[in-house]
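> Fold the stuff below for me.
(one chain, ligands or ions: 1)
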Amino acid sequence: MMLKSLNPMIMGVLNITPDSFSDGAQHLNQDDAVIRAQQMIKQGADVIDIGGESTRPGAQPVSTTDEINRVIPVIESLYQTTDIPISIDTSKPEVMELAVKAGASMINDVCALSADGALEMVSSLNVDVCLMHMQGNPRIMQIKPSYVDVVDDIKSFFNDRIEVCVNAGISEDKIVLDPGFGFGKTLNQNLEMLKRLSEFKSFNLPVLVGISRKSMIGTLLDNRNVDGRVSGSVTAAIMAIRNGANVVRVHDVLETKDALTIWQSVNQFKG
Ligand code: 8Y4
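You can find the predicted model right below:
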């Protein structure tokens, strides 16, 4: 992907789902969504990730038509008004196709192109793609997550998916890897992934991390509700970058950007 040099990138989350867990009431219509995206861009977002299907544990699947009706007008509108890349958070090839036609330049797929026709679609669209690891599916993934070694198992998954993608004609330099925090992982497995994040760099591909507001943060903070997870989320994002993440997917762009600015100013200071 167009990683702006070696600088870490902030991906701002834009949910267009009426049932969204964290900020559903804030995007009741698509105009609000575009305004919210523009605000995140002003705050320092380098890419906007637009999603129309809730992937939180236990969420109901959304029909292709509903997903298209939610996200495509927002992508079209945003594409007219910004130069920064737009990512479409979807697993459905039909949505991928229309989203790229509307201006999206990246596919963020929590199913890592496992849906029928998804590999072929991304191959023909010739856009960046984020392959995220998930154990199980959103309905059952948190029941009993189990790994021999969480990092090694996910690396082996990446190895397989990269090969499948390349065999389908997807250029390797379009691939971004994401271990999928919270997607079929216990708290301890999430902590181990964050601590050992640099091991995912062995593929020489960009690493994307999404921890923002997730239950891992809430649990560590005595079951804090979603609104109280900003500082914890920012800290986790900074640690992820320190451990090699190239892109952090966050809800709180301003706060994450501030932390990154301070951290990088100190890091880059030369006598
Ligand atoms: C509060 C707010 C609690 C949000 C949980 C959540 C990832 C992702 C999601 C991720 C990539 C979420 C679409 C889950 N997480 N895509 N998508 N990586 N690439 N939950 O970690 O934000 S949705």
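> For the stretch 101-250 of the chain, which residues are neighbours of the ligand?
Applying CB under 6 Å from any ligand atom, we find that the stretch 101-250 of the chain lies next to the ligand at 108, 110, 130, 132, 178, 180-181, 208, 210, 213-214, 226, 249. Where C-beta positions appear, they are placed from N, C-alpha and C, glycine not excepted.
> wait, doesn't Trp263 sit right on Met239?
No: with contact defined as CB atoms under 8 Å, Trp263 does not count as touching Met239 (10.1 Å).
> Can you name the residue of this protein nearest the ligand?
Relative to the ligand, the nearest point of the chain is Gly210 (2.5 Å; CB to the nearest ligand atom).
> Grab the nearest non-local neighbour of that residue.
Arg249 (3.7 Å; CB to CB, 6 or more residues apart in numbering).
> My assumption is that the one you found lies in a helix; please confirm.
No: assigned with DSSP: H, G, I helix; E, B strand; the rest coil, Arg249 falls outside any helix and is strand.
> Might one say that it is in contact with Ile50?
No: Arg249 lies out of contact with Ile50 (CB under 8 Å); the separation is 11.9 Å.
> Next up, the contacts around Cys130.
With contact set as CB atoms under 8 Å, 6 or more residues apart in numbering, Cys130 has these partners: 87, 106-109, 175-178, 208.
> any idea of the mean pLDDT for stretch 244-257?
Across stretch 244-257, pLDDT averages out at 98.
> Need the contact partners of it.
So stretch 244-257 is contacted by 1, 3, 8-13, 22-23, 40, 43-47, 49, 176, 197-198, 200-201, 206-213, 230-231, 233-234, 237-238, 240-241 (CB under 8 Å, 6+ apart).
> can you check stretch 182-192 too?
The contact list for stretch 182-192 (CB under 8 Å, 6+ apart) reads 55, 57, 110, 132-136, 138, 141-142, 145, 147, 150-151, 181, 193, 211, 214-216, 219-220.
> so how far is it from its chain's centroid?
Distance of stretch 182-192 from the chain centroid (CA atoms, centre = their mean, to the nearest Å) equals 16 Å.
> Check stretch 97-111 too.
For stretch 97-111 - counting by CA atoms, centre = their mean - the centre lies 13 Å from the chain centre.
> before we move on, what SS does Gln135 have?
coil.
> Could you say which helix or strand holds the spatially closest residue to Gly169 that is not a sequence neighbour?
Computed as CB to CB, 6+ apart, the closest residue to Gly169 that is not its neighbour in sequence is Ser123, at 4.1 Å. Ser123 is part of helix 118-125 when elements are defined by DSSP states H and E.
> and that helix, what's its mean pLDDT?
For helix 118-125, mean pLDDT rounds to 98.
> buried set for that helix?
118-119, 121-123, 125 (16 or more other CB atoms under 10 Å).
> Now distance to Tyr79 too, for those, in JSON lines please.
As requested, those are exported to JSON lines (distance: CB to CB, whole Å):
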{"residue": "Ala118", "distance to Tyr79": "22"}
{"residue": "Leu119", "distance to Tyr79": "25"}
{"residue": "Met121", "distance to Tyr79": "19"}
{"residue": "Val122", "distance to Tyr79": "19"}
{"residue": "Ser123", "distance to Tyr79": "22"}
{"residue": "Leu125", "distance to Tyr79": "15"}
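> Closest one of these to Ile75?
Distance to Ile75 across these (CB to CB) is lowest for Leu125, with 13.7 Å.
> which residues sit in contact with that closest one?
Counting by CB under 8 Å, 6+ apart, Leu125 makes contact with 96-97, 100, 107.
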